[in-house]
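Trainee: structure, please.
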Amino acid sequence: LDEICQDLGVMSSLYTVKGVIVLDNDGERLLAKYYDESYPTVKEQKAFEKSLFAKTSRSNGADIVMFEGITCVFKSNVDLLFYVFGSATENELMLASVLNGFYDAVRMVVRENLEKATLFQSLSTVLMILDEIVDGGIILETNPATLATVAEKSSSSGSKADGGNSDAEKIGNALTNAASMFRRHLLT
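Mentor: Numbering: from 1, shown residues only. Below you'll find the predicted structure:
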């Protein structure tokens, strides 16, 4: 497969996602996570986000755009724009899968209208969802129900500060965390 990809001039890679961004309806960054060095400084990231917003802000619903050497899928909602982008040769369906999984999981966790205020109220859980869906540009999970469940369990166990957990629950959590760290270590 690698020889075929090289013959076609395409690099096969697990590193699918270059970044995930959430902007408000004024184009201001609410959340951004970049997984490569395409935009190494905050200044370059903000300039990219401003250009991306200018190109996509007039669109309603979900869409795909080729822009500055990237493939970007995005979805707008009330006062938020969600973006997932990869290289220009990246499969749009893979990126859309990440976008839809992230968006739907956040909607499940918020349990209200997904808008700027509710996003901020659940920001730590939203960041947990993002960490569960993509790690270092590698797609780990896209099922929104699984993502929402894992994020809610993690945020609720963190808020208990282990006060009410039994020994069996503590061991189970430790094993789950160890398995997750091992899996991530193997992928990097």
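
Trainee: how close does the residue nearest the centre of the chain get to Arg107?
Mentor: Taking CA atoms, centre = their mean as the criterion, Leu130 is the residue nearest the geometric centre of the chain, at 4.1 Å. From Leu130 over to Arg107 the distance is 14 Å, taken as CB to CB, to the nearest Å. In short, each C-beta sits where N, CA and C put it, glycine included.

Trainee: so the residue nearest to the centre of the chain: helix, strand or coil?
Mentor: helix (DSSP: H, G, I helix; E, B strand; the rest coil).

Trainee: right, and it touches Leu31 too?
Mentor: Yes. Leu130 lies in contact with Leu31 (CB atoms under 8 Å); the separation is 7.5 Å.

Trainee: neighbours of the closest residue to Val65 other than its chain neighbours, just the number please.
Mentor: Distances taken as CB to CB, 6 or more residues apart in numbering put Cys72 closest to Val65, at 5.1 Å, once the chain neighbours are dropped. Neighbours of Cys72 under the rule other CB atoms under 10 Å: 24.

Trainee: over to Ser59?
Mentor: 13.

Trainee: tell me the contacts of it?
Mentor: Phe74, Ser76 (CB atoms under 8 Å, 6 or more residues apart in numbering).

Trainee: count the neighbours of Phe53 for me.
Mentor: Around Phe53 there are 20 residues (other CB under 10 Å).

Trainee: report the buried residues of the helix or strand containing it.
Mentor: Per DSSP states H and E, Phe53 falls inside helix 42-56. Across helix 42-56, burial judged by 16 or more other CB atoms under 10 Å covers Gln45, Phe48, Glu49, Leu52, Phe53, Thr56.

Trainee: what's the distance between the first one and Ile139?
Mentor: When distances are taken as CB to CB, Gln45 and Ile139 turn out to be 21 Å apart.

Trainee: over to the last one?
Mentor: Summarising the geometry, the distance separating Thr56 from Ile139, computed by CB to CB, is 22 Å.

Trainee: what sits up against stretch 26-35?
Mentor: 15, 17-24, 45-46, 49-50, 53-54, 57, 80, 116, 119-120, 123, 126-127, 130, 134, 136-137.

Trainee: quick check: buried residues in it?
Mentor: For stretch 26-35, by 16+ other CB under 10 Å, it's Gly27, Leu30, Leu31, Ala32, Tyr34, Tyr35.

Trainee: tell me how far that stretch is from the chain's mean position?
Mentor: Computed by CA atoms, centre = their mean, to the nearest Å, the chain-centroid distance of stretch 26-35 equals 11 Å.

Trainee: what does stretch 133-149 give?
Mentor: 8 Å.
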